[in-house]
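Participant: Structure for the following, please:
(one chain, ligands or ions: 1)
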Amino acid sequence: MMPNFFSFTSQQLSDKLEEMGERSFRAKQLFNWVYQKQQLNLQKMTSLSEDLRSKLADNISFKLPKIITGQVATDGTRKFLLQLQDANKIEMVLIPAAGKNTLCISSQVGCARNCRFCATAKMGLLRNLDVAEIISQVYLAKQQLGENKLTNLVFMGMGEPLDNYENMMQAVRILQDELAFKFSPRRITISTSGVVPGIAKLAVSGVKVKLAVSLNSAIQTKREYLMPISRKYSLTKLKQTLKKFQRYNPYRITFEYVLIKGFNMGKKDIKALRAFVGEISCKLNLIPWNPIAGSEFKSPTEVELNDFMKQLMDLRVALTVRRSRGTEIDAACGQLAAGS
Ligand code: SF4
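Facilitator: Okay, the predicted model is just below:
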């Protein structure tokens, strides 16, 4: 199978072109056509010789997944269903808010982690996305945005990104490549359910990104109920590893905490949460539960949310509430499930 253009960093493409008997600076021209001029038609890349264009057509694929549907919510959130070459489907979500455009990227078709509150979990894991399939989402999102700038990326769509570690890391390298997307490390967030070995590896990888951890309970038994991964990687292990991560990475860690009425919002939950996050330089992002079909959970009322927040106000961590974006099109956190 031909390699896909969107799986190469500029250096790797330059090596590939040399292998094909071409001068390496052609990689820079090609990156310029594709990433700066948004041109994918080889025939229109007029600064490349005809001979090179035909060699490229024979050796490198420029195919993107197909957007099958796009839905827009009243708050402007856009959810896209993409069809991959093997007919599998994934979703990506574009969220405009506060002058920013954030893309929520999928890293797998489905997910193996089986979090109880998540629609993707119900699909099981079908397969990892390859590098080009991850990068294509960003490329397509930029096409959709036109003149508007894509400002932030979060690996928070379908899948556990640290379970697809190598492909996700190669994608991050391309996203940060000066000749490709040029994203600053602080604009890219990897969100994990708590894959401890992946966090440890990321810490020493030399690649800088922001890290978000889907916490949801700081009580071991409750977290195990919500997130089976916690049976394998306990809260104690998670905390140790996050502290290690912070020794290598300059950014504060974000903890995501989905607020579930009557489950993780009581006095004991708050006490445990304070103890867990208190020793880590972090932000705490509270997310009122977004309903999914057939779920046992309920969303908190506004009064319950405010009461919960009040009890955390004196903590020295930045506290934010993520209001549901795109709920009515099932594009909010935990609601992605291709084909729904
Ligand atoms: S919340 Fe994330 S890690 Fe958990 S099942 Fe859903 S996609 Fe996977």
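Participant: Now do V317, the pLDDT please.
Facilitator: The confidence metric pLDDT takes the value 87 at V317.
Participant: E91 now?
Facilitator: For E91, the pLDDT comes out at 96.
Participant: where does it land in three-state SS?
Facilitator: For E91, the reduced secondary structure class is strand; criterion used: DSSP: H, G, I helix; E, B strand; the rest coil.
Participant: So it sits against M156, correct?
Facilitator: No - judged on C-beta atoms under 8 Å, E91 makes no contact with M156 at a distance of 11.6 Å. The way it works is simple: take the backbone N, C-alpha and C, and place the C-beta from them, glycine included.
Participant: which residues touch T254?
Facilitator: Neighbouring residues of T254 by C-beta atoms under 8 Å, 6 or more residues apart in numbering: T189, K210, L211, A212, V213, C282, K283, L284, N285.
Participant: make that S217, sorry
Facilitator: Contacts here follow C-beta under 8 Å, 6+ apart; on that basis S217 touches R223, Y225, L226, N264, D269, A272, L273.
Participant: got a winner among those residues for most neighbours?
Facilitator: Counting by other C-beta atoms under 10 Å, N264 has the largest number of neighbours within the contacts of S217, with 27 neighbours.
Participant: how near is R186 to the ligand?
Facilitator: According to C-beta to the nearest ligand atom, to the nearest Å, R186 and the ligand sit 22 Å apart.
Participant: residues near that residue, how many?
Facilitator: The burial metric for R186, expressed as a neighbour count using other C-beta under 10 Å, is 12.
Participant: Please confirm that it is located within a helix.
Facilitator: Yes - secondary structure assignment places R186 in a helix (three-state DSSP).
Participant: hang on, isn't it packed against L211?
Facilitator: No - with the criterion set as C-beta under 8 Å, R186 and L211 do not qualify as a contacting pair; they are 11.5 Å apart.
Participant: Name the residues contacting each of the two.
Facilitator: Taking C-beta under 8 Å, 6+ apart as the contact criterion, the common neighbours of R186 and L211 are Y251.
Participant: average pLDDT across the host helix or strand of F80?
Facilitator: When secondary structure is defined by DSSP states H and E, F80 falls within strand 78-83. Taken as a whole, strand 78-83 has an average pLDDT of 97.
Participant: how far is it from where the chain is centred?
Facilitator: Centroid separation between strand 78-83 and its chain, computed with C-alpha atoms, centre = their mean, to the nearest Å, is 15 Å.
Participant: Against which helices or strands is it packed?
Facilitator: For strand 78-83, the packing partners by 3 or more C-beta pairs under 8 Å, 6 or more residues apart in numbering; DSSP states H and E come out as strand 66-72, strand 89-97, helix 131-145.
Participant: List the buried residues of that strand.
Facilitator: Counting neighbours by 16 or more other C-beta atoms under 10 Å, one finds that the buried residues in strand 78-83 are R78, K79, F80, L81, L82.
Participant: which residues does S184 contact?
Facilitator: Residues in contact with S184 (C-beta under 8 Å, 6+ apart) are Q176.
Participant: so what pLDDT did it get?
Facilitator: Reading off the per-residue confidence, S184 sits at a pLDDT of 97.
Participant: How much space separates it from K208?
Facilitator: Distance of S184 to K208, given as C-beta to C-beta, to the nearest Å: 9 Å.
Participant: Could you do I199 as well?
Facilitator: Using C-beta to C-beta, I199 is found at 14 Å from K208.
Participant: How about F8?
Facilitator: Between F8 and K208 the distance is 21 Å, computed by C-beta to C-beta.
Participant: Neighbour count: these two, which is higher?
Facilitator: Set side by side, F8 and K208 show unequal neighbour counts under other C-beta under 10 Å, the larger going to F8 at 26 against 16.
Participant: leaving aside the residues next to it on the chain, what's closest to the more buried one?
Facilitator: Of all residues not flanking F8 in the chain, K16 sits nearest, at 6.5 Å (C-beta to C-beta, 6 or more residues apart in numbering).
Participant: for R316, same thing?
Facilitator: Spatial nearest neighbour of R316, chain neighbours left out: G278 (7.9 Å); criterion: C-beta to C-beta, 6+ apart.
Participant: and that neighbour, how many neighbours does it have?
Facilitator: When neighbours are counted by other C-beta under 10 Å, G278 registers 11.
Participant: residues in contact with it?
Facilitator: So G278 contacts L315, R316, V317 (C-beta under 8 Å, 6+ apart).
Participant: Please enumerate the strands of the stretch 151-300 of the chain.
Facilitator: With DSSP state E, counting those that start in this stretch as the criterion, the stretch 151-300 of the chain has strands at 152-155, 188-192, 210-214, 253-259, 282-288.
Participant: could you redo those as JSON lines and give each row distance to the ligand and mean pLDDT?
Facilitator: Below are these laid out as JSON lines (distance: least, C-beta to the nearest ligand atom, whole Å; pLDDT from 0 to 100):
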{"stretch": "strand 152-155", "distance to the ligand": "10", "mean pLDDT": "98"}
{"stretch": "strand 188-192", "distance to the ligand": "7", "mean pLDDT": "97"}
{"stretch": "strand 210-214", "distance to the ligand": "6", "mean pLDDT": "97"}
{"stretch": "strand 253-259", "distance to the ligand": "9", "mean pLDDT": "95"}
{"stretch": "strand 282-288", "distance to the ligand": "11", "mean pLDDT": "94"}
